[in-house]
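Sharing a model prediction with you, sequence too.
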Amino acid sequence: MKHTLIPLAGALLGALVAAHASAETQLYETGPSADSSFVRFLNGNAEPVTITNGAAQLVLGRGAEARVSKFLPVKGGASLSAHAQLGSQKLPLQVVAQPSEFVTMAVFGKDASARTVLLREKPDDFNAMRASVALLNLDEKCTSASLLASPKNTLILDAVAPTQVKRRLVNPVKLSVQVNCNGKPVGAVLDMAQLQAGERYSVFVLPGKAAAQTFFVMDSTP
């Protein structure tokens, strides 16, 4: 993921990765592994969004993977604060992730329409022999989202309401998927290539001017 990052000596964003660098710096206490949680940020805007905390900056772009951060490990139950820089506007961000919870914080709009949307999941389906695929619905007009394997339209996930997440285990095969909203296809067929056993994947549905936008990422941590 091509994010622009400036390291911070602080305790709120944490575990940020310098752009194009392999070294990773953990910047806050995550606590015992049993208490760890994970938080990531998503840009739902047509322009880049900068997540800031003091001198730290995490720039989220517009294209597919560039608009989603990695999952940052945090201490479960801890209150996390930051800001989303939207042009000249700063939108306060606040989240508490419960132990073992995965939280996606999406930032939308600017000025009076600026808002955040939280999607939470607490997966218990890890299987080293299979892959895990989720559908995250962030489009309010998509009252029921579904995910189908292309080209046979085999149902993978269905009835995902706005601001909800559903996930399931699948065999680690070469996979292409189509997102449907309210029973109709939206976006292009997404080629997820060869799924890797033990890995997690997220397919997103975001609002667009004419129709919903769709893309996917492999979930990752620093």
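Cool, the structure landed.

Number of residues surrounding the nearest residue to residue 87 once chain neighbours are set aside?
The shortest distance from residue 87 to any non-neighbouring residue, by CB to CB, 6 or more residues apart in numbering, is to residue 110 (6.0 Å). C-beta here means a position set from N, CA and C on the backbone, and glycine is covered the same way. By other CB atoms under 10 Å, the residues close to residue 110 number 18.

Tell me how far the residue of the chain most remote from its centre lies from residue 177.
Largest separation from the mean C-alpha position in the chain: residue 152, at 27.2 Å (CA atoms, centre = their mean). Distance, residue 152 to residue 177, using CB to CB, to the nearest Å: 11 Å.

do the same with residue 50
Applying CB to CB, the value for residue 50 to residue 177 is 31 Å.

next one: residue 52
34 Å.

quick one: which of the two has more around it?
Just comparing residue 52 and residue 177: by other CB under 10 Å the higher neighbour count belongs to residue 177, 22 against 18.

For the residue nearest to residue 143 when sequence neighbours are not counted, give me its contacts.
Closest residue to residue 143 apart from its sequence neighbours, by CB to CB, 6+ apart: residue 182 at 5.9 Å. The neighbours of residue 182, taking CB atoms under 8 Å, 6 or more residues apart in numbering as the test, are 142-144.

Show me how to select, in ChimeraX, the buried members of those residues.
Selecting only the buried entries of the contacts of residue 182 in ChimeraX, with 16 or more other CB atoms under 10 Å as the criterion:
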select :142
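
Could you dump the contacts of residue 182 into TSV and include secondary structure and pLDDT?
Compiled in TSV, those are given as follows (DSSP: H, G, I helix; E, B strand; the rest coil; pLDDT from 0 to 100):
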residue	secondary structure	pLDDT
142	coil	96
143	coil	96
144	coil	97
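
before we move on, the earlier item: phi, psi for the residue nearest to residue 143 please.
phi 50, psi 40 (degrees, to the nearest 10).

Same question for the helix or strand where residue 90 lies: list its buried residues.
In the assignment (DSSP states H and E), residue 90 maps to strand 89-96. By neighbour count with 16+ other CB under 10 Å, strand 89-96 contains the buried residues 91, 93, 95.

list the contacts for the closest residue to the last one other than its chain neighbours?
It refers to residue 95. Distances taken as CB to CB, 6+ apart put residue 80 closest to residue 95, at 5.2 Å, once the chain neighbours are dropped. Shown in contact with residue 80 (CB under 8 Å, 6+ apart): 12, 39, 74, 93-97.

I'd like those written out as CSV, with distance to residue 129 and pLDDT added.
Formatted as CSV, the contacts of residue 80 follow (distance: CB to CB, whole Å; pLDDT from 0 to 100):
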residue, distance to residue 129, pLDDT
12, 37, 43
39, 28, 93
74, 29, 87
93, 37, 92
94, 38, 91
95, 33, 90
96, 33, 92
97, 28, 92
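
Test my guess that residue 137 contacts residue 160.
Yes - assessed by CB atoms under 8 Å, residue 137 is found in contact with residue 160 at 4.6 Å.

between the contacts of residue 80, which is nearest residue 173?
residue 39 (30.1 Å; CB to CB).

low-scoring stretches of the chain, by residue?
Within the chain, the segments meeting pLDDT under 70 span 1-35, 222.

For stretch 98-106, buried residues please.
101-106.

roughly how far is that stretch from the heart of the chain?
Remark: stretch 98-106 is offset 10 Å from the chain centroid, using CA atoms, centre = their mean, to the nearest Å.

Before I go, just wanted to say thanks for your time.
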